[in-house]
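Participant: Please find the sequence and the predicted model below.
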Amino acid sequence: MTTTTLPRANMLTRARNRDGITSAVFAALLWLCLALICVFLFFVLAVIVQKGLARFDTNLVTHQPSKIRPETAGVQSALLGTLWVGGITAVIALPLGIAAAVYLEEYANPAKWWNRAIELNIQNLAAVPAVIYGILTLGFVVRGPLSIGAVVMAGGVALALLILPVIIITTREALRSVPREIRDGSLALGATQWQTTWRQVLPSAVPGIATGSILAMSRAIGEAAPLILVGATTFVTFNPDGVLSRYTTLPVQIYNLVPQDRDAFRDLAYAAILLLIVVLLAMNAVAIWLRNRYQRRW
């Protein structure tokens, strides 16, 4: 080995050592951030579970809210209102979002300016604050041209607009995960583009579509700001009986209970938060099961 190669080798060794130290420090910072987030999350969950278990009983889902007897009050109307609004949100957002994603991914010509404009707007809409969708629904659905009032349908429309861009984006990602060879093989055997999409691409993308859709629905069920704007009543002592009924939801009910000055109301709020977490965890568990059940490895 010559004398010129020794300094060069030493320089390369020192550079590798510096890169290794930098990578280790960066990884340690990432783990520290993750640990801090987990500690904060576990602390919040521990407080909610500790204070919510005292009121987490059958009265919580069988009794109506009460301003006089919070010790025995429940959130039945809010729970059923959440299910009604969530059902309408799914009926509106899922078909439209999946169909739009299929068009943009399988049929749209990316060279056309209007298709690029649609994609750009969808990406921008995914970052719009939730309250904006509440204002939009208030102006066009609750009042304005439709004027259906502050009913279940209006809440479902507001949440459907909120999660529609997310469903489109996640569905497109699921469709992209299907190998191109699947499409080419189906078309080579004489299938039309629609038959290829319906019988090959969509079944293969079901795990990603289902996971993204359920996670989007979980976000919708936990929203309160757009529903407050469109008139979700904070105190309702009856269950909704249709899409044109007055309603409330669990996040709105929690928003109403937390500022109360009596401890019984706050205990009920913690129990309602725990119930909402249980509902969201159940939905996420379904998403994980669907992904694992139908996932294909290429």
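Facilitator: Perfect, I can see it now. Numbering: from 1, shown residues only.
Participant: Pretty sure residue 168 sits against residue 122.
Facilitator: Yes - the criterion here is CB atoms under 8 Å, and residue 168 meets it with residue 122 at 5.5 Å. C-beta coordinates here come from the backbone N, C-alpha and C atoms, glycine included.
Participant: Find residues that contact each of those two.
Facilitator: Here residue 168 and residue 122 have 100, 104 as joint contacts, going by CB atoms under 8 Å, 6 or more residues apart in numbering.
Participant: The two - which one has more neighbours?
Facilitator: residue 168 (29 against 19; other CB atoms under 10 Å).
Participant: For the helix or strand where residue 207 lies, name the packing helices and strands.
Facilitator: Taking DSSP states H and E as the definition, one finds residue 207 inside helix 202-221. Packing partners of helix 202-221 (3 or more CB pairs under 8 Å, 6 or more residues apart in numbering; DSSP states H and E): helix 76-102, helix 152-176, helix 263-294.
Participant: Pick the most buried one from those helices.
Facilitator: helix 152-176 (a mean of 24; mean count of other CB atoms under 10 Å).
Participant: Let me know the next secondary structure element after it.
Facilitator: Downstream of helix 152-176, the first helix or strand assigned by DSSP H and E is helix 180-188.
Participant: Mind giving me the packing neighbours of that next one?
Facilitator: Secondary-structure packing of helix 180-188 (3+ CB pairs under 8 Å, 6+ apart): helix 193-196.
Participant: then the helix it packs on to PDB, C-alphas only?
Facilitator: Taking Å, rounded to 0.1, in the frame of the first residue of the first chain, the C-alpha atoms of helix 193-196 are listed here in PDB:
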ATOM      1  CA  GLN A 193     -61.000  -2.600 -18.900                       C
ATOM      2  CA  TRP A 194     -64.200  -2.600 -16.800                       C
ATOM      3  CA  GLN A 195     -64.000  -6.400 -16.300                       C
ATOM      4  CA  THR A 196     -60.300  -6.100 -15.400                       C
END
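Participant: Could you pull up the mean pLDDT of it?
Facilitator: The average pLDDT for helix 193-196 rounds to 92.
Participant: before we move on, the earlier item: measure how the helix holding residue 207 sits relative to helix 76-102, angle-wise.
Facilitator: Calculated by axes from the mean of the first three to the mean of the last three CA atoms, to 10 degrees, helix 202-221 forms an angle of 140 degrees with helix 76-102.
Participant: Can you mark which positions in helix 202-221 are buried?
Facilitator: 202, 204-218, 220-221 (16 or more other CB atoms under 10 Å).
Participant: packing partners for the helix or strand just after that helix?
Facilitator: Sequence order places helix 225-229 as the next helix or strand after helix 202-221, per DSSP H and E. Secondary-structure packing of helix 225-229 (3+ CB pairs under 8 Å, 6+ apart): helix 130-137, helix 152-176, helix 250-257.
Participant: top helix in the protein by residue count?
Facilitator: The helix that spans the most residues within the chain, counting by DSSP state H, is helix 5-52.
Participant: What angle do helix 263-294 and it make with each other?
Facilitator: 130 degrees.
Participant: Which neighbouring elements make contact with the helix or strand just after helix 5-52?
Facilitator: Next along the chain after helix 5-52, taking DSSP H and E as the criterion, comes helix 58-62. The helices and strands touching helix 58-62, judged by 3+ CB pairs under 8 Å, 6+ apart, are helix 76-102, helix 263-294.
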